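Trainee: Predicted model and sequence below, questions to follow.
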Amino acid sequence: MNPVREVFGGFGVLLRGLAIVLRKPRLFLLGALPALVTSLLFLAALITLAVNLTDLVAWATPFAREWDTVWQGLLRGALSVGLLAGAVLIMVVAFTTVTLTLGAPVYDRIAELVEQELGGAPEAQDESLAAGVARAIRQSLGIVLVSLVVTVCAFLLGLIPLLGWLIGPVLTAVMGGWLLCIELTASAFDRRGLLLVSDRRRFMGTRRWRALGFAVPTYFLLAIPFVAVAVFPAATAGGTILARELLPETPQEPSTSPDSDPNPPETPQKPQ
């Protein structure tokens, strides 16, 4: 497949998702609400941290109380900057996961709407609520941890002059977009009984350029404060469309049970 065509096709998936949710204004507004709530919560937490930063750093460094003013200021200033940067990093990485968790019923409804509009969707898998929630939390925590590792590695690479300034942002965009795509396609894969993160990675790998063409622009749009509020419903719909394009048209055959004969006898033919 042509990589350029696949990349533009992936971006077109996001636009198709936007077109679907815009035809349902009420659902679009409901889908924007969890992202708005998450943005406001993170903003409030960041402001609270900034207001209390001086006292917090002083409390954490009692050993520097008797230091010379210059050295004390350098230490506590560096800790303040590091603490603020770390808080922002965690918020950026966790934004998608927290928003999807808060708005799970709404985003499931958006995914269901897309499935109904495009047709041919299987019935949702019969999974208990407790098992589904536990699995979603476990998978989301794993994705957040991987995102943190990738972000820290990209930051360290960015400290390398010239080459690192290019590699760091590219690594962040590609890996961040890839992990985002894993989350946004979850609903459609779960509906088809593909409950593992490895299932999503495997099918995304079959059309890697298309997945990145959808995921990387979405990642950048969701990183812009409050723009994510409008983008999130479209990204959810787009993730469902992309998953349908990645998956085979016919449902996968169930595994053969031990009691069944893998080679059933052929029907005898009538004599000529």
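Mentor: Done, it's in. Numbers count the residues shown, from 1 in each chain.

Trainee: where does residue 255 land on pLDDT?
Mentor: For residue 255, the pLDDT comes out at 36.

Trainee: And the residue nearest the centre of the chain, how far from residue 231?
Mentor: By Cα atoms, centre = their mean, the chain has its centre lying nearest to residue 180, at 2.7 Å. Separation of residue 180 from residue 231 (Cβ to Cβ, to the nearest Å): 11 Å. (Each C-beta comes from the backbone N, C-alpha and C, glycine too.)

Trainee: Would you mind listing the residues touching both of the two?
Mentor: 218, 222 (Cβ atoms under 8 Å, 6 or more residues apart in numbering).

Trainee: quick one on the thing from earlier: got the contact list for the helix or strand that contains the residue nearest to the centre of the chain?
Mentor: Here residue 180 sits within helix 163-184, counting by DSSP states H and E. If you take Cβ under 8 Å, 6+ apart as the criterion, helix 163-184 is touched by 96-97, 100, 140, 143, 146-147, 150-151, 153-155, 157-158, 160, 197, 200-201, 204, 211-212, 214-216, 218-220, 222, 235-236, 238-239, 242.

Trainee: of the residues you listed, buried ones?
Mentor: Buried by 16 or more other Cβ atoms under 10 Å: 96-97, 100, 140, 143, 146-147, 150-151, 154, 157-158, 197, 200, 204, 211-212, 214-216, 218-219, 222, 235-236, 238-239, 242, out of the contacts of helix 163-184.

Trainee: Just give me the longest helix of this protein.
Mentor: helix 69-102 (DSSP state H).

Trainee: remind me which residues of the protein are low pLDDT?
Mentor: Scanning the chain with the threshold set as pLDDT under 70 gives 89, 124-125, 129, 158-159, 225, 249-272.

Trainee: where's the closest residue to residue 50 other than its chain neighbours relative to residue 105, distance?
Mentor: Spatial nearest neighbour of residue 50, excluding adjacent residues (Cβ to Cβ, 6 or more residues apart in numbering): residue 84 at 6.9 Å. Note on residue 84: its distance to residue 105, by Cβ to Cβ, is 34 Å.

Trainee: Between these two, which is the more surrounded one?
Mentor: Taking other Cβ atoms under 10 Å, residue 84 and residue 105 do not tie; residue 84 has more neighbours (14 against 9).

Trainee: And the helices in the protein?
Mentor: Under DSSP H, the chain gives helices at 3-22, 25-51, 53-60, 69-102, 104-118, 129-158, 163-184, 186-191, 197-206, 208-222, 227-246.

Trainee: Show me what the longest one is packed up against.
Mentor: In this structure, helix 69-102 makes packing contacts with helix 25-51, helix 53-60, helix 129-158, helix 163-184, helix 227-246, judged by 3 or more Cβ pairs under 8 Å, 6 or more residues apart in numbering; DSSP states H and E.

Trainee: Residue 92 against residue 222, yeah?
Mentor: No: between residue 92 and residue 222 there is no contact under Cβ atoms under 8 Å: 9.2 Å.

Trainee: Isn't residue 239 up against residue 185?
Mentor: Yes: at 4.7 Å, residue 239 and residue 185 qualify as touching, with contact defined as Cβ under 8 Å.

Trainee: Now do residue 183 against residue 101, distance only.
Mentor: 10 Å.
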